[in-house]
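**Student:** give me a model of this one.
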Amino acid sequence: MPEPADRQADRQAGRQAGRLAIIGGTGLAALEGLEIVREARVETPFGAPSGPLRHGRLHGREVIFLARHGPDHTIPPHRINYRANLWALKECGATAVVAVAAVGGITHEAAPTRLVIPDQIIDYTWGRAHTFFEDNLTEVVHIDFTRPYDSALRRRLIEAAAAAGLDVARHGTYGATQGPRLESAAEIDRMERDGCTIVGMTGMPEAALARELGLAYACCAVVANRAAGRGGSDAPIEMAEIERNLVQGMAQVRRLLSQLLHQDS
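**Tutor:** Have a look, this model is predicted:
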């Protein structure tokens, strides 16, 4: 079926000018202040993305927004179609991706509600479709993943946070776990020995897939809670506490994104 003319024009304009895509995680299923121009349901060779891609303007800048867990937050981390999500963003003209994610804090510096801009990642996930390069290849492809996050985009996030007066952790190692359950205290002990400072469930394969597609990718992580065994007691992690912290943390994310887009406009 021929592609509608407006979608062709939208993709062409996006590729020429470059667009920022924002992937919203838990606590950011919608982007406040986004003037939506249209919503696009994109089909990809890997199936459907988590939901419609919302094209719009925020602070005068064209952006594309996608809710990672779906518009109603119904897709668990291990069932997200990461390949479809990244492919759709690339197809619609995105050149850079800011991935917002809720995480647990392992180290003392990763306190609840604080923002972390990680510079490294360790993958503990399994069974996820984690590459575009596996079928009908003319040669085997190995991407360089020494620095998993784009340094220039990370720097822009850090500068925007400083301009907005936000106290962010400028370095960190994201430990990506399978989920959807939270981790045991022993697992968190192991992850800290491995060098992880925060723990989440969606960081991989998202970061690697973005690299395979040539998308500049950086993560803005919001610490929603102390990780298992790090809260000073044996009390279970309460979802109500996570939700309270995310309200405050996501307000900071919106300030950071506002400043980032203001600087780029």
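**Student:** three-state assignment of Q248?
**Tutor:** What DSSP: H, G, I helix; E, B strand; the rest coil gives for Q248 is helix.
**Student:** what sits closest to it if chain neighbours are left out?
**Tutor:** Counting by Cβ to Cβ, 6 or more residues apart in numbering, Q248 lies nearest to T113, which is 4.6 Å off, once chain neighbours are set aside. No exception for glycine: its C-beta is placed from N, CA and C like everyone else's.
**Student:** where does the one you found land in three-state SS?
**Tutor:** At T113 the chain is in coil, as set by three-state DSSP.
**Student:** I figured it hits V253, correct?
**Tutor:** No - counting by Cβ atoms under 8 Å, V253 is not a contact partner of T113; they are 10.6 Å apart.
**Student:** neighbour count winner among the two?
**Tutor:** Legend: neighbour count by other Cβ atoms under 10 Å for T113 and V253, higher for V253 (24 against 19).
**Student:** got phi/psi on that one?
**Tutor:** Reported as degrees, to the nearest 10, the phi and psi values for V253 are phi -60, psi -40.
**Student:** make sure R155 is indeed in a strand.
**Tutor:** No - R155: not assigned to a strand; according to three-state DSSP it is helix.
**Student:** quick check: it vs F132, distance?
**Tutor:** To F132, R155 is 27 Å away according to Cβ to Cβ, to the nearest Å.
**Student:** more neighbours: the two, which one.
**Tutor:** The residue with more neighbours, out of R155 and F132, is F132; 18 against 13, by other Cβ under 10 Å.
**Student:** below-threshold pLDDT in this protein: ranges please.
**Tutor:** By pLDDT under 70, the low-scoring segments of the chain are 1-18, 26-33, 233, 265.
**Student:** which residue is nearest the middle of it?
**Tutor:** With distances taken as Cα atoms, centre = their mean, the residue of the chain nearest its centroid is A99 (2.2 Å).
**Student:** so what secondary structure elements neighbour the helix or strand hosting H262?
**Tutor:** Secondary-structure assignment from DSSP states H and E places H262 in helix 239-264. Other elements packing on helix 239-264 under the criterion 3 or more Cβ pairs under 8 Å, 6 or more residues apart in numbering; DSSP states H and E are strand 19-24, strand 53-58, strand 61-67, strand 94-105, strand 115-116, helix 151-163, strand 216-226.
**Student:** residues making contact with the second one?
**Tutor:** Contacts of strand 53-58 from elsewhere in the structure, counted by Cβ atoms under 8 Å, 6 or more residues apart in numbering, are 10, 31, 33-42, 62-66, 88-89, 92, 257-258, 261.
**Student:** quick revisit: for R244, find the nearest of the helices and strands packed on helix 239-264.
**Tutor:** Counting by Cβ to Cβ, R244 lies closest to strand 216-226 out of the helices and strands packed on helix 239-264; the figure is 9.2 Å.
**Student:** would you confirm that E192 contacts G104?
**Tutor:** No - using Cβ under 8 Å, E192 is not in contact with G104; the gap is 11.5 Å.
**Student:** quick one: which of these two has more around it?
**Tutor:** Neighbour comparison, E192 and G104: the larger count goes to G104, with 28 against 18 (by other Cβ under 10 Å).
**Student:** for G179, helix, strand, or coil?
**Tutor:** Of the three states, G179 takes coil according to three-state DSSP.
**Student:** neighbours around the spatially closest residue to it that is not a sequence neighbour, how many?
**Tutor:** For G179, ignoring the flanking residues on the chain, the nearest one in space by Cβ to Cβ, 6+ apart is M201 at 3.6 Å. Other residues within reach of M201 by the criterion other Cβ under 10 Å amount to 26.
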